[in-house]
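Engineer: With the sequence up front, the predicted model follows.
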Amino acid sequence: MSDVTRAKHGRPVHHWRRDVVELAALFTAVAVADAVANLIGHGPDGPALLVISSVVLVATAGFHTWWARHHGHAPPAGDTGARTLAGGREAGQADQATAGPEAVTGATVLWRMRTTVKDEPGSLAALCVALAHQRVDILSLQTHPLAEGTVDEFLLRAPAELAASEITRAVSLAGGTGTWIERADAHDLVDAPTRVLGLATRTALDAAELPLALRQLLGRCTIRSLPARSPGSGRAEEGAPVEGVLEDTVMRLRAPEGGVITVERPYLPFTPTEFARARALVELDARLGPRIPLNQDMLTLPEGPAITVRRADVSDLDAAKAMHERCSPRTLNMRYHGPVGDADRYLNHLLSPRFGRTLAVQTASGRVVGLGHLLWDGDETEIALLVEDDWQRRGIGAELLGRLVTMAVEAGCESVYAVTQASNTGMVAAMRGLDLPLDYQIEEGTLVITARLDATPVTSRLPYDQEQKQAQNK
């Protein structure tokens, strides 16, 4: 490599030998010019020779200028030994590099994807290369080790025009098997440790949050809580081992009170990592014991004294039984749709935070005169109300219903349903007062009213939910 092409810190390196040669050439040229001038100047045809020389020089310069404009004299970049730019492309190619369609930022969408790869070096790298070729950006990655292979869970940002089938095809060609993909949203951008800590905090503040926390932890799944004994017959139900059971798309966990929590996800098998996370959340709930938020609201009725609305649990069992004794057989029959004598047997199940949330209406003397239940029923959510006869037609049922629907909306429920009798005009009127789309199904005198919550949600008339959130933040 010559001294001209060598460079240091981006500048050509010059040596003293080259400077001496250039200076010597300059002195030689001056000496030759002086000799020629003396020879021509003192000769008989000196002036004529000078004029002819100047004409030749002007003609040569003009011809050189014309040739340079029409033919260009710059040599190819590969022949000059010139260095490329920092970005890895050669000088003069900046416009071509930035003008391509891949450099233009367009609309993107988020995807959640799972695939199984071999547990060997290079398998994950092959997936990353395949996704990069599709212009897919990997935002986060979780690994779930298996006995054979590893399940990799990705959060991806891909061009909007790129179909999910193209992504899964590229992953399959790169060695991924059992690939599953679905659209994600901004909530999935929260990293896994932060999300798990948030769910643990919610569960620690309210025992009724456990089913909701499990659903958010495991994605779209069906969760059913079965008591240790049947509420109706009192027979013992089949339990689950203390360590729980994992069977492909179903996991069974021992509930803190001795029952069973069953989680089903038919479209995607559970991994041992997910099973361990779910079991840890249930163990946390068991160690903390029964608990509910202690905040309450005062409500002034149009007619009568002020009442208090608060959360209730199994500690209110005696007060709820006393209310049953004050209710008429007709009121109990419309609420429980069965023999009046069996009403008390359901209370322990209804008041348990394990199966939902309960609101109690209490008078200034401490007497419970109304109960509202929001019950988790697999993928669905049931709403049930009971108001003591002497306190009916005062707006208590509508207030409880509005608060329960607000809780259902915050829990992410798509709909709620109420099971009553066609003759229960009070319940029908309260459901209509929600201003939500309603579906009615009548079968043998039983009326099922379903309210879809994808419309404008109903909010409670009192700041109950705001106070609950403030209490959780403290």
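Structural biologist: That came through, no problem. Numbers count the residues shown, from 1 in each chain.

Engineer: what's the closest non-adjacent residue to Ala170?
Structural biologist: Ala130 (4.5 Å; Cβ to Cβ, 6 or more residues apart in numbering). (Each C-beta comes from the backbone N, C-alpha and C, glycine too.)

Engineer: May I ask which helix or strand encompasses that neighbour?
Structural biologist: When elements are defined using DSSP states H and E, Ala130 is found to belong to helix 123-133.

Engineer: how about that helix: buried residues?
Structural biologist: The neighbour-count criterion (16 or more other Cβ atoms under 10 Å) identifies 123-124, 126-127, 130-131 as the buried residues of helix 123-133.

Engineer: Next: stretch 183-202.
Structural biologist: 184, 188, 196, 199-200, 202.

Engineer: Please tabulate those in TSV, including the columns pLDDT, distance to Val56 and secondary structure.
Structural biologist: Listed next are the buried residues of stretch 183-202 as TSV, based on pLDDT from 0 to 100; distance: Cβ to Cβ, whole Å; DSSP: H, G, I helix; E, B strand; the rest coil:
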residue	pLDDT	distance to Val56	secondary structure
Ala184	89	79	coil
Asp188	83	80	helix
Val196	89	89	helix
Leu199	90	92	helix
Ala200	91	94	helix
Arg202	88	95	helix
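
Engineer: Out of those, the closest to Leu217 would be?
Structural biologist: Set against Leu217, the nearest of these by Cβ to Cβ is Leu199 (5.7 Å).

Engineer: which non-adjacent residue is nearest that closest one?
Structural biologist: Nearest-residue entry for Leu199: Ala213, 4.1 Å, with adjacent residues in sequence omitted and distances by Cβ to Cβ, 6+ apart.

Engineer: where does the one you found land in three-state SS?
Structural biologist: At Ala213 the chain is in helix, as set by DSSP: H, G, I helix; E, B strand; the rest coil.

Engineer: isn't it right next to Leu281, touching?
Structural biologist: Yes: counting by Cβ atoms under 8 Å, Ala213 sits close enough to Leu281 to count as a contact (6.1 Å).

Engineer: any weak-confidence spans in the stretch 101-250 of the chain?
Structural biologist: 101-105, 229-240 (pLDDT under 70).

Engineer: quick one: the helices in it?
Structural biologist: 123-133, 164-173, 192-205, 210-218 (DSSP state H, counting those that start in this stretch).

Engineer: Now distance to Met407 too, for the ones you listed, in a markdown table please.
Structural biologist: Output for those, formatted as a markdown table (distance: least, Cβ to Cβ, whole Å):
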| stretch | distance to Met407 |
| --- | --- |
| helix 123-133 | 40 |
| helix 164-173 | 34 |
| helix 192-205 | 13 |
| helix 210-218 | 10 |
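
Engineer: So which of these is nearest Ala319?
Structural biologist: Ranking those by distance to Ala319, with Cβ to Cβ as the measure, places helix 192-205 first at 23.4 Å.

Engineer: The closest one to helix 210-218, inter-axis angle?
Structural biologist: Calculated by axes from the mean of the first three to the mean of the last three Cα atoms, to 10 degrees, helix 192-205 forms an angle of 180 degrees with helix 210-218.

Engineer: Helix 192-205: how far from the chain's middle?
Structural biologist: Averaged C-alpha coordinates place helix 192-205 at 15 Å from its chain's average position (Cα atoms, centre = their mean, to the nearest Å).

Engineer: Am I right that Arg334 falls within a strand?
Structural biologist: Careful, residue 334 is Met; it's not Arg. No: secondary structure of Met334 (three-state DSSP): helix, not part of a strand.

Engineer: Against Pro211, how distant is the residue nearest to it when sequence neighbours are not counted?
Structural biologist: Here the nearest residue to Met334 in space, its sequence neighbours aside, is Asn424; by Cβ to Cβ, 6+ apart that works out to 4.9 Å. Using Cβ to Cβ, to the nearest Å, Asn424 is found at 28 Å from Pro211.

Engineer: what's the answer for Ala280, then?
Structural biologist: 16 Å.

Engineer: out of those two, which sits in the busier spot?
Structural biologist: With other Cβ atoms under 10 Å as the criterion, Ala280 and Pro211 differ in neighbour count, and Pro211 comes out ahead with 21 against 13.

Engineer: list the contacts for the more buried one?
Structural biologist: The neighbours of Pro211, taking Cβ atoms under 8 Å, 6 or more residues apart in numbering as the test, are 223, 225, 261, 354, 376.

Engineer: cool, Val32 as well?
Structural biologist: Going by Cβ under 8 Å, 6+ apart, Val32 touches no other residue.

Engineer: how about Asn447, secondary structure?
Structural biologist: That one is not Asn; residue 447 is Leu. strand.

Engineer: tell me the contacts of it?
Structural biologist: For Leu447, the contact set (Cβ under 8 Å, 6+ apart) comprises 419-422, 424, 428, 440-441.

Engineer: at 10 Å what do you get?
Structural biologist: Leu447 is in contact with 418-424, 427-428, 431, 440-441, counting by Cβ atoms under 10 Å, 6 or more residues apart in numbering.

Engineer: ditto for Thr108
Structural biologist: Shown in contact with Thr108 (Cβ under 10 Å, 6+ apart): 135-137, 156-162.

Engineer: and those residues, which are buried?
Structural biologist: For the contacts of Thr108, a burial check counting by 16+ other Cβ under 10 Å picks out 136, 156, 158-159, 162.

Engineer: Pretty sure Leu371 sits in a strand.
Structural biologist: Yes: looking at Leu371 with three-state DSSP, it is inside a strand.
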